[in-house]
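Asker: Let me see the structure of the following:
(one chain, ligands or ions: 2)
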Amino acid sequence: MIKTHELSQGKMPVLGLGTWNSQPGEVYNAVKEAVKMGYRHIDCASIYQNEEEIGKALSELFAEGVVKREDLWITSKLWNNAHAPDDVQLALEKTLKDLRLGYLDLYLIHWPVPIKKDIVMPNTPADFVKPDDLSLTSTWQAMEQLVDKNLVRNIGVSNFNVERLQTLLDHGNIKPAVNQIELHPYLQQPAMLDFCQQAGIYLTAYSPLGSKGRPDGMKAADEPVLLEDGTIGAIAQQHGATPAQVLIAWAIQRETMVIPKSVNPARMKQNLEAASLTLTQKDMQEIATLDRHRRYVDGTFWTTQGSPHTLENLWGEPVAQ
Ligand SMILES: NC(=O)C1=CN([C@@H]2O[C@H](COP(=O)(O)OP(=O)(O)OC[C@H]3O[C@@H](n4cnc5c(N)ncnc54)[C@H](OP(=O)(O)O)[C@@H]3O)[C@@H](O)[C@H]2O)C=CC1
Ligand SMILES: O=C1CO[C@H](CO)[C@@H](O)[C@@H]1O
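Answerer: Ligands and ions are numbered 1, 2, ... in the order given. You can find the predicted model right below:
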């Protein structure tokens, strides 16, 4: 049984299955296998373009009696081209239809970067909506209405810096339940962790294994490979565990949620079993020294193409390149 954190509406399992880059033809099996082996939390997004296949897997799991809807935690995310208040519910309805669900447990604003409605990824300056023309607060108010209509149980955000979280805390009626951000030993974000602990916002750690399967165009030539880190490897060996398991256990011991992606049943099982690995205080102290502010999903796709955004403004801090 995986540990959960209590949100205002329901208990969120600390470990979930990531689904970005889980290809058509792979993600159906991955979700079915995952739930059968004990995963109870699936992290989705409309931009991953695989929600229909995940929906087929979920509906079969319910029909086969493997699990009940109320025993699963399903997160999805509002894409950047649907931030206009009138578009928010329509985007959610498409996700619910694809996932074949009546409600989500958690719906997140995927990025604090609105783009035009007919654009998927921006290529020119005209593809962006100026932040002054469409405030995050107005998008948030539309998200709040989804809770009022019982279409989603909890709402939250992703890739928000502290300043933007504070804006929602100041102007919203519902506190963001979760901020989903990149977190791993090379990007530990202690100030964000402190802020969220004080504010009662949970963090979900994305790319917890270093996202080695992301598209080549998003990779830096000389990037450090988290799964090959010597300190992580040595700690893994001491516990008879794998480096991935140490990374997952580390995230859980920091009281964050964690959503490693895999479509490989043996690795999915390995990752699930990491939930029962306990690292020592010495392990945690050694891992604390590994921080190098390394973002694997660095957000440059929002700051180029004549964008009104900069990396520093996006993250609220200088970014190591
Ligand atoms: N909100 C946001 O903006 C973002 C959210 N996310 C979410 O977070 C999830 C996880 O992050 P992601 O970037 O996918 O990357 P992860 O850090 O989870 O790494 C996934 C990669 O590691 C491999 N892998 C999985 N388990 C193991 C293991 N035990 N040993 C060795 N290799 C392993 C996978 O391959 P294989 O499948 O072959 O096992 C895949 O190539 C995403 O899938 C998505 O759901 C991610 C990025 C941004
Ligand atoms: O979740 C994510 C993965 O895919 C997207 C791009 O295709 C990213 O923008 C995002 O961070």
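Asker: name the element the closest residue to ligand 1 within the stretch 101-250 of the chain belongs to?
Answerer: Residue of the stretch 101-250 of the chain nearest ligand 1, by Cβ to the nearest ligand atom: residue 213 (2.4 Å). Every C-beta, even on glycine, is put in place using the N, C-alpha and C of the backbone. Element membership for residue 213, per DSSP states H and E: none, as it lies in no helix or strand.
Asker: Skipping its backbone neighbours, what lies nearest it in space?
Answerer: residue 21 (5.3 Å; Cβ to Cβ, 6 or more residues apart in numbering).
Asker: thought that neighbour was touching residue 216?
Answerer: No. At 11.6 Å, residue 21 does not count as touching residue 216 under the criterion of Cβ atoms under 8 Å.
Asker: Those two: who's more crowded?
Answerer: Neighbours were counted for residue 21 and for residue 216 using other Cβ atoms under 10 Å; residue 21 has more, 15 against 5.
Asker: Now do the SS call for the more buried one.
Answerer: Under DSSP: H, G, I helix; E, B strand; the rest coil, residue 21 falls in the coil class.
Asker: coming back round to it: the residue of the stretch 101-250 of the chain closest to ligand 1: how many residues sit nearby?
Answerer: Quick note: residue 213 (other Cβ under 10 Å) scores 14 neighbours.
Asker: who in the stretch 201-321 of the chain is up against ligand 2?
Answerer: Residues of the stretch 201-321 of the chain lying near ligand 2 by Cβ under 6 Å from any ligand atom: residue 297.
Asker: Try it again at 8 Å.
Answerer: Neighbours of ligand 2 within the stretch 201-321 of the chain, by Cβ under 8 Å from any ligand atom: 206, 214, 215, 218, 297, 301.
Asker: Using JSON lines, lay out the residues you listed together with distance to residue 266.
Answerer: Putting these into JSON lines (distance: Cβ to Cβ, whole Å) gives the following:
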{"residue": "206", "distance to residue 266": "22"}
{"residue": "214", "distance to residue 266": "21"}
{"residue": "215", "distance to residue 266": "24"}
{"residue": "218", "distance to residue 266": "26"}
{"residue": "297", "distance to residue 266": "25"}
{"residue": "301", "distance to residue 266": "32"}
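Asker: and residue 162, what is it in contact with?
Answerer: Neighbouring residues of residue 162 by Cβ atoms under 8 Å, 6 or more residues apart in numbering: 191, 192, 195, 316.
Asker: which among the residues you listed end up buried?
Answerer: For these, a burial check counting by 16 or more other Cβ atoms under 10 Å picks out 192, 195.
Asker: Including secondary structure, could the contacts of residue 162 go into a markdown table?
Answerer: As requested, these are exported to a markdown table (three-state DSSP):
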| residue | secondary structure |
| --- | --- |
| 191 | helix |
| 192 | helix |
| 195 | helix |
| 316 | coil |
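Asker: hmm, which two among the contacts of residue 162 are most spread apart?
Answerer: Maximum pairwise distance in those, criterion Cβ to Cβ, is 10.5 Å, between 195 and 316.
Asker: Report pLDDT for the residue lying farthest from the centre of the chain.
Answerer: Centroid-distance maximum for the chain: residue 238 at 29.6 Å, with Cα atoms, centre = their mean. Listed pLDDT for residue 238 reads 98.
Asker: Whichever strand or helix holds it near ligand 1 at all?
Answerer: Secondary structure assignment for residue 238, by DSSP H and E: helix 230-239. No. Helix 230-239 stays clear of ligand 1 (Cβ under 8 Å from any ligand atom), getting no nearer than 10.6 Å.
Asker: So for that helix, what gets flagged as buried?
Answerer: 232, 235, 236.
Asker: of those, closest to ligand 2?
Answerer: Nearest to ligand 2 among the buried residues of helix 230-239: residue 232, at 23.4 Å, using Cβ to the nearest ligand atom.
Asker: what's near enough to touch the closest one?
Answerer: Contact analysis of residue 232 by Cβ under 8 Å, 6+ apart lists 185, 226, 243, 246, 247, 287, 290.
Asker: if you set the cut-off to 7 Å instead, what comes out?
Answerer: Applying Cβ atoms under 7 Å, 6 or more residues apart in numbering, we find residue 232 in contact with 185, 243, 246, 247.
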